[in-house]
Structure formats: C-alpha cells, structure tokens
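Student: No sequence on hand, only this structure:
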C-alpha cells in the first residue's frame with residue numbers, strides 16, 4: 001500500500017502563489033509517475049500536472065502552463081506543485097496521485113483546499 005499526504009493549501013489573493021507538497025510513504029519503490037489533480041465545486045476532477053519518477057519528464061494542463069511547476073525529490077518521496085499567478089478559477093481541492101508500474105493512478109491523497117480570491 002501507498003499513503004499520500006498533501007499539505008500547503010490555503011487562501012490567497014489573485015496573482016499570489018502557493019506551494020503544495022505531497023509526501024508518499026509505503027510501497028513507493030514501483031512509482032512510475034506522480035500527479036496533481038483538482039476538483040472545483042460542481043465540476044469533475046481534472047488533471048493539473050504530472051512528473052515521471054525516473055526521467056523527470058513533466059506534463060501540464062494547458063490552463064496552468066507557464067504558471068505552475070511540478071517537481072520531485074526522490075530521496076524524500078515527495079512531489080511539489082509551485083503555483084504562481086493564481087486565478088480565481090484555480091480554486092478547488094487539489095489531490096496528489098501516484099501511478100505505479102500499472103501506469104494507472106491507483107493511489108490518492110485526501111486533498112488540500114486552495115482558494116483564490118478576486
């Protein structure tokens with residue numbers, strides 16, 4: 001089993017920044033990729049960003065390109081999401097997810113709330 005714990009959410013004004021962290025523990029040796037997703041009120045969960053655990057390749061949703069940066073610390077089994085230039089439409093619950101060798105996101109964190117005021 002894998003456990004994911006997110007932190008770093010909060011309330012920020014438009015244009016501000018936040019840094020989310022996600023610490024993974026347990027059977028993390030087979031990690032293929034880690035990602036961030038978000039869910040706004042009344043909307044479906046959507047992909048935000050992902051990073052390959054070995055090569056470090058990164059992937060972003062068009063809506064966050066140029067504003068968000070995903071990074072990882074393999075030694076700490078932690079992934080980060082630096083969010084700059086936040087907009088009210090970035091508001092939602094942000095979830096960390098881990099894909100193992102199956103390449104499916106099978107493990108999810110509990111989520112952390114991000115609220116951007118206008």
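Tutor: Done, it's in. Being a predicted model, the structure only gives us computed values, none of them experimental. Numbering: from 1, shown residues only.

Student: Which strand residues bridge residue 20?
Tutor: Beta-bridge partners recorded for residue 20 (DSSP bridges): residue 81.

Student: Name the nearest residue to residue 110, ignoring sequence neighbours.
Tutor: Take residue 110 and drop its neighbours on the chain: the residue closest to it by C-beta to C-beta, 6 or more residues apart in numbering is residue 6, 6.8 Å away. No exception for glycine: its C-beta is placed from N, CA and C like everyone else's.

Student: go on, residue 8?
Tutor: Nearest one to residue 8, counting by C-beta to C-beta, 6+ apart, is residue 20 at 4.2 Å.

Student: what about that neighbour, distance to residue 91?
Tutor: Per C-beta to C-beta, to the nearest Å, residue 20 is found 14 Å from residue 91.

Student: Give me the more crowded residue out of these two.
Tutor: residue 20 (24 against 19; other C-beta atoms under 10 Å).

Student: what sits against the residue nearest to the spatial centre of the chain?
Tutor: Centrality entry for the chain: nearest residue to the mean C-alpha point is residue 36, 2.6 Å, by C-alpha atoms, centre = their mean. Going by C-beta atoms under 8 Å, 6 or more residues apart in numbering, residue 36 touches 20, 22, 48-50, 70, 79, 81, 94-97.

Student: and it, what element?
Tutor: strand 33-39 (DSSP states H and E).

Student: Which neighbours in the sheet does that strand have, and how are they oriented?
Tutor: Using DSSP bridges, strand 33-39 pairs in its sheet with strand 46-52 (antiparallel), strand 92-99 (antiparallel).

Student: Could you list the buried residues of it?
Tutor: Using 16 or more other C-beta atoms under 10 Å as the burial criterion, the residues of strand 33-39 that qualify are 33-38.

Student: go on, stretch 70-90?
Tutor: Buried, per 16+ other C-beta under 10 Å, within stretch 70-90: 70, 72, 77-81, 83, 86, 90.

Student: Give me the contact list for it.
Tutor: 12, 14-25, 28, 31, 34-36, 38, 40, 48-51, 53, 56, 58, 60, 63-64, 67-69, 94, 96, 114, 116-118.
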